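Asks: sharing a model that was predicted from the sequence below.
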2 protein chains.
Amino acid sequence: MGGATARELQQELRSRGYRLTPQRQLVLEAVEELRHATPDQVLERVRSKAKGINQSTIYRTLELLESLELVTHTHLGHGAPTYHPASSPDHAHLVCAGCGEVRQVDPDVVAPLVEALKRHCGFTTDVRHLAVQGRCANCSENTEG
Amino acid sequence: MGGATARELQQELRSRGYRLTPQRQLVLEAVEELRHATPDQVLERVRSKAKGINQSTIYRTLELLESLELVTHTHLGHGAPTYHPASSPDHAHLVCAGCGEVRQVDPDVVAPLVEALKRHCGFTTDVRHLAVQGRCANCSENTEG
DNA sequence: TTGATTGCAAAGCCTTTGCAGTTCT
DNA sequence: AGAACTGCAAAGGCTTTGCAATCAA
């Protein structure tokens, strides 16, 4: 399941002139284990496995891994972004403004939007980045009904 | 056309125990004139009409106006949010990761998504908040072939 | 009068940057 | 050696907060 092996990661990096370092491996692992993590959470996780790793390394590494399409990020709220492993199944997020619940939905569910935007104006949607704000079933009731 | 008159604004505020101040009027006017504005742009605009208005007043006022549903905001990118007057027609935004273009689309276009989410899990979408990341027609061509 | 509102300055959160030292090839 | 990488500390962008002075009603 899932994640890139160290060897695959190394190839991915080498082919673009980058190097495989323990830090990079740890960051990718952390994202893969946490599934949904802010840079801060990644930092904490990585630090629990190895001492002395710096914030800026986390930021630089997440950016790098994203450019290699090994991780993606989305914005679920006002704060820090959330990183996902590319190896996890594609999904969009629904964010409830009422209770804060974040729910993942299958790309199928947002496919009508993706198609409509393609048809309407040739726009190609990045589903993994998609975070839809609104109100979950519970919170809608409490407001509307 | 749009905007709330001073009187309407005052009623809106008074009914909730708030007061009408010159600053609040100016901030709402600025959002209505600019249509798409970051807090910074609102500040600049307001300052061009009256001296001595402070950043924190802008932030506090935008938050207040949003709670009164006189303005909305959305996140088009990594930076500051963009505020819109509630009096402007509803629309969602498409943000191109290639060229940065931001395009407004009619709620009709995203209606399929809204309905799908409602049907699928009772989720009520906040269309005005919706910003879809992806690639515009031009930038898709250049990437895909 | 009196509670809401403002300006100001400081602090806070999240992120980026410059640089010197280190590590890989 | 030469280039990539890291840690560190400082700076940067955006936003929030505490407080005393001011203002609307």
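Replies: In hand now; what should we look at? Because the structure is predicted, anything quoted here is derived from the model rather than measured.

Asks: now for A:Leu117, how many residues are close by?
Replies: 23 (other CB atoms under 10 Å in any protein chain shown). The C-beta positions use only the backbone N, C-alpha and C, and glycine is treated the same way.

Asks: contacting residues for the nearest residue in space to it that is not next to it in sequence?
Replies: Once flanking residues are discounted, A:Leu117 sits nearest to A:Phe123: 4.3 Å by CB to CB, 6 or more residues apart in numbering or on different chains. Applying CB atoms under 8 Å, 6 or more residues apart in numbering or on different chains to A:Phe123 gives the contacts A:117, B:94, B:96, B:103, B:132, B:134-137, B:140.

Asks: can you lay out the residues you listed as JSON lines showing distance to DNA strand C, secondary structure and pLDDT?
Replies: Below are the contacts of A:Phe123 laid out as JSON lines (distance: CB to the nearest atom of the strand, whole Å; DSSP: H, G, I helix; E, B strand; the rest coil; pLDDT from 0 to 100):
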{"residue": "A:Leu117", "distance to DNA strand C": "26", "secondary structure": "helix", "pLDDT": "95"}
{"residue": "B:Leu94", "distance to DNA strand C": "22", "secondary structure": "strand", "pLDDT": "97"}
{"residue": "B:Cys96", "distance to DNA strand C": "19", "secondary structure": "strand", "pLDDT": "95"}
{"residue": "B:Arg103", "distance to DNA strand C": "24", "secondary structure": "strand", "pLDDT": "95"}
{"residue": "B:Val132", "distance to DNA strand C": "20", "secondary structure": "strand", "pLDDT": "96"}
{"residue": "B:Gly134", "distance to DNA strand C": "20", "secondary structure": "strand", "pLDDT": "96"}
{"residue": "B:Arg135", "distance to DNA strand C": "20", "secondary structure": "strand", "pLDDT": "95"}
{"residue": "B:Cys136", "distance to DNA strand C": "23", "secondary structure": "coil", "pLDDT": "95"}
{"residue": "B:Ala137", "distance to DNA strand C": "28", "secondary structure": "helix", "pLDDT": "95"}
{"residue": "B:Ser140", "distance to DNA strand C": "25", "secondary structure": "helix", "pLDDT": "82"}
